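K.L.:
How does the following fold in three dimensions:
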Amino acid sequence: MASQADLAILSRRKGALIQTIRSRRAECADQLEQTLQPVLWAERLYAQWKAISPLVKIAAVPAGILLKKKLFPNAGGVVGGIFRWAPLAMNLFRSVR
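P.N.:
Numbers count the residues shown, from 1 in each chain. Below you'll find the predicted structure:
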């Protein structure tokens, strides 16, 4: 049987180990929260998009095209790329989710 002194040492080591585990868990939780910020933002954006009526979404397409032509008459670069790749990105997001 172990002596009382050995048991006390083991108890102190166990307490220190538990504190280390708690602090590392808190650090991991903080890092995970920071890492998931873009995902949470995308989820909120997607939830807001789903809350919009389908008729408004259908009407938004021509309105977006007209707005693009008015605001960016010679745009083919960035804005054109956004309009071109946005549907693919949304479908990819839906399939991952």
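K.L.:
For Pro73, see how far away Leu66 is.
P.N.:
12 Å (Cβ to Cβ, to the nearest Å). Where you see a C-beta, it was placed from the backbone N, CA and C, and this is true even at glycine.
K.L.:
same check, this time on Ala60
P.N.:
Separation of Ala60 from Pro73 (Cβ to Cβ): 20 Å.
K.L.:
more neighbours, the two?
P.N.:
Ala60 (12 against 7; other Cβ atoms under 10 Å).
K.L.:
In contact with the more buried one, which residues?
P.N.:
Neighbour list for Ala60: empty [criterion: Cβ atoms under 8 Å, 6 or more residues apart in numbering].
K.L.:
check which helix or strand covers it.
P.N.:
When elements are assigned from DSSP states H and E, Ala60 belongs to helix 54-71.
K.L.:
what's the offset of the very next helix or strand once past that helix from the middle of its chain?
P.N.:
Using DSSP H and E, the helix or strand that directly follows helix 54-71 along the chain is helix 78-96. From the chain centre to the centre of helix 78-96 is a distance of 17 Å (Cα atoms, centre = their mean, to the nearest Å).
K.L.:
List the buried residues in helix 78-96.
P.N.:
Within helix 78-96, no residue counts as buried by 16 or more other Cβ atoms under 10 Å.
K.L.:
State the mean pLDDT of it.
P.N.:
Per-residue pLDDT over helix 78-96 has a mean of 76.
K.L.:
What lies in contact with it?
P.N.:
Ala42, Tyr46, Gly64, Ile65, Lys68, Phe72.
K.L.:
by how many degrees do the helix or strand of the chain with the lowest mean pLDDT and helix 54-71 diverge?
P.N.:
Least confident helix or strand of the chain, by mean pLDDT, DSSP states H and E, is helix 78-96 with a mean of 76. Relative orientation of helix 78-96 versus helix 54-71 (axes from the mean of the first three to the mean of the last three Cα atoms, to 10 degrees): 160 degrees.
K.L.:
With only the CA atoms kept, save helix 78-96 in PDB.
P.N.:
Presented in PDB, the C-alpha positions along helix 78-96 are these (Å, rounded to 0.1, in the frame of the first residue of the first chain):
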ATOM      1  CA  VAL A  78     -14.500  41.800 -60.300                       C
ATOM      2  CA  VAL A  79     -18.200  42.600 -60.400                       C
ATOM      3  CA  GLY A  80     -18.700  40.300 -63.400                       C
ATOM      4  CA  GLY A  81     -16.800  37.600 -61.600                       C
ATOM      5  CA  ILE A  82     -19.000  38.000 -58.500                       C
ATOM      6  CA  PHE A  83     -22.200  37.800 -60.600                       C
ATOM      7  CA  ARG A  84     -20.800  34.800 -62.500                       C
ATOM      8  CA  TRP A  85     -19.500  32.800 -59.500                       C
ATOM      9  CA  ALA A  86     -22.100  33.700 -56.800                       C
ATOM     10  CA  PRO A  87     -24.600  30.900 -57.900                       C
ATOM     11  CA  LEU A  88     -21.900  28.300 -57.900                       C
ATOM     12  CA  ALA A  89     -20.700  29.400 -54.500                       C
ATOM     13  CA  MET A  90     -24.200  29.300 -53.000                       C
ATOM     14  CA  ASN A  91     -24.800  25.800 -54.400                       C
ATOM     15  CA  LEU A  92     -21.400  24.600 -53.000                       C
ATOM     16  CA  PHE A  93     -22.300  26.100 -49.600                       C
ATOM     17  CA  ARG A  94     -25.700  24.300 -49.600                       C
ATOM     18  CA  SER A  95     -24.100  21.000 -50.500                       C
ATOM     19  CA  VAL A  96     -21.500  21.300 -47.800                       C
END
